[in-house]
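Asks: let me see the structure of the following:
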Amino acid sequence: MELQEGKDKFIQSWGTLGSNWGINRTMAQVHALLLVSLEPMSAEDIMNDLKISRGNANMNVRALIDWGLVHKELKQGERKEFFVAEKDMWTMIRQVIVHRKKKELEPAIKILTEIMEVQANSPEAEEFLKVTTELKMFSDKADAALEKVVRSKPTWMLTFMSMMKS
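Replies: Next up is the predicted model:
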């Protein structure tokens with residue numbers, strides 16, 4: 001397989017995986033392109049490589065910056081903005097965890113906490129509280145576990161993963 005064919009396959013596959021994880025396909029493709037690029041890329045470079053509009057390129061680059069997965073880089077003598085992907089996999093994984101926790105897990109915990117105020121004055125209300133209490137306990141434990149992962153050193157994860165192999 002030639003390099004360009006491999007890059008194209010990676011970019012397309014990363015886009016498909018991203019959409020399976022609830023991330024915009026184009027956003028994942030922009031991320032993949034920047035991940036495998038040796039040099040910082042401008043929005044115009046991204047547009048040309050992925051054959052997308054300027055607005056689409058800019059919108060997805062901004063989203064990736066918000067996620068902490070892409071950073072701006074200045075080139076002396078250039079007026080254009082250039083972008084690079086975070087290539088440290090540990091940092092990248094932590095950024096995704098932080099973002100997903102903030103957008104998905106923390107709002108769920110907030111709602112489940114509010115729901116705990118329902119009065120258990122009927123069998124239906126008791127069952128409702130039982131289920132939502134279990135969900136809240138699981139969510140709190142997941143939140144605590146993810147927080148430990150985010151705060152841990154990369155060596156911890158590598159050690160954990162090597163233990164999982166056996």
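
Asks: tell me the buried residues in stretch 128-143?
Replies: Across stretch 128-143, burial judged by 16 or more other C-beta atoms under 10 Å covers 129, 132, 136, 139. Every C-beta, even on glycine, is put in place using the N, C-alpha and C of the backbone.

Asks: Lys75 belongs to a helix?
Replies: No - remark: Lys75 does not belong to a helix; assigned using DSSP: H, G, I helix; E, B strand; the rest coil, it is coil.

Asks: pairing partners for the closest residue to it other than its chain neighbours in the sheet, please.
Replies: The shortest distance from Lys75 to any non-neighbouring residue, by C-beta to C-beta, 6 or more residues apart in numbering, is to Phe82 (5.6 Å). Per DSSP bridges, the residues bridged to Phe82 are Ser42, Glu73.

Asks: contacts only, for Ile52.
Replies: 26, 46 (C-beta atoms under 8 Å, 6 or more residues apart in numbering).

Asks: what about it, which SS state?
Replies: Ile52 ends up coil, using three-state DSSP.

Asks: from Thr16, how far off is Ala57?
Replies: Using C-beta to C-beta, to the nearest Å, we find Ala57 at a distance of 19 Å from Thr16.

Asks: swap in Leu33?
Replies: Distance from Leu33 to Thr16, by C-beta to C-beta: 14 Å.

Asks: neighbour-wise, which of those two wins?
Replies: Using other C-beta atoms under 10 Å as the criterion, Leu33 and Thr16 rank with Leu33 on top: 23 against 13.

Asks: rewinding a little: and the residue nearest to Lys75, how many neighbours?
Replies: Phe82 - counted by other C-beta under 10 Å - has 16 other residues nearby.

Asks: ok, it touching Leu74?
Replies: Yes - at 7.1 Å, Phe82 and Leu74 qualify as touching, with contact defined as C-beta atoms under 8 Å.

Asks: please consider this matter closed, and thank you.
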